[in-house]
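In: Here is a sequence together with a model predicted from it:
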Amino acid sequence: MPEELEGPDRTGRPWTDEETARIVALVRDGADGHTVIASSRRSGPSVVSRMRRMLPLEHRSCPTDMVVPALRGHLRDPDYDWRATMLLTPPPRPVVRSPDIVRTGVAGLADGDLVGIAHSVLLDDRASTADLRERLVAEVRERGLGRDVVDAHETYLTTLREPAAIRDLDEWVHRWSEAVGLGVSRFPDYPPWG
């Protein structure tokens, strides 16, 4: 025997064919959304979701306030099979991967590469590299890699000559650091040389 619509709340229970047929009859008879929801003894979102499933796939995303009129429009067609339409499953949502952040130019360099390139370019004091030198120094400062570039320069100087041949390696490194705009001394705790 079909379950009577009067009675306990149906929230959380499976939908019966009789309940769904009752919604269809109410919508065909011109009932508004509030009337359909009130007579169903279910939550509003549950009833709206059920009515959406009766719509063709391409109409299921219509605004909530348009679900009843859209369903009524389809139910006017005597050949509209709302039962078969409910069985249709929308295709899965496409998998969208967010694009990897790709940095280019000076900002795209890894720290180790930035240190090596900055040191090499800073050794070249031609006017043609002035803009690149400024961008490299700015990026080195922003990343806090000035000490690494200065260390690279110190290593570079020791490979050119015997360390004993350079009287004051610390002063050479400091002066170079100042000249290229890094302003990093070899020993940060000591005051800069004059």
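Out: Nice, thanks for sending it over. Numbering: from 1, shown residues only.
In: May I have the phi/psi pair for the most centrally placed residue in the chain?
Out: Nearest to the geometric centre of the chain sits residue 98, at 5.8 Å (C-alpha atoms, centre = their mean). The phi/psi pair for residue 98 (degrees, to the nearest 10) reads phi -70, psi 140.
In: mind starting the numbering at 291 from now?
Out: I'll keep to 291 as the first residue from here, and by that count the last item is residue 388.
In: Show the contacting residues for it.
Out: Contacts for residue 388 (C-beta atoms under 8 Å, 6 or more residues apart in numbering) come out as none. Heads up, the C-betas are built off the backbone N, CA and C, glycines and all.
In: Please apply the same query to residue 343.
Out: Applying C-beta under 8 Å, 6+ apart, the residues near residue 343 are 350, 375-376.
In: From residue 376, how far off is it?
Out: 5 Å (C-beta to C-beta, to the nearest Å).
In: now swap in residue 421 and tell me
Out: Going from residue 421 to residue 376 by C-beta to C-beta gives 66 Å.
In: out of those two, which sits in the more crowded spot?
Out: residue 376 (15 against 9; other C-beta atoms under 10 Å).
In: Identify the spatial nearest neighbour of residue 466, chain neighbours not counted.
Out: residue 443 (5.7 Å; C-beta to C-beta, 6 or more residues apart in numbering).
In: What about residue 430, how many residues nearby?
Out: The burial count for residue 430: 27, using other C-beta under 10 Å.
In: That one and residue 442 touch, don't they?
Out: No: with contact defined as C-beta atoms under 8 Å, residue 430 does not reach residue 442; the gap is 10.7 Å.
In: Mutual contacts of those two, please.
Out: The contact sets of residue 430 and residue 442 overlap at residue 405 (C-beta under 8 Å, 6+ apart).
In: Contacts only, for residue 325.
Out: residue 316.
In: SS state for it?
Out: helix (DSSP: H, G, I helix; E, B strand; the rest coil).
In: Let me see the confidence value for it.
Out: Residue 325 is assigned 93 on the pLDDT scale.
In: State the distance from it to residue 443.
Out: In terms of C-beta to C-beta, residue 325 sits 83 Å off from residue 443.
In: give me the element the residue nearest to residue 466 is part of.
Out: Element membership of residue 443 [criterion: DSSP states H and E] is helix 436-450.
In: do residue 408 as well
Out: Per DSSP H and E, residue 408 falls inside helix 401-412.
In: tell me what that helix is packed against?
Out: Helix 401-412 makes packing contacts with helix 420-433, helix 436-450 when contacts are defined by 3 or more C-beta pairs under 8 Å, 6 or more residues apart in numbering; DSSP states H and E.
In: Domain map for the chain?
Out: 307-377, 395-470 (automatic domain parsing).
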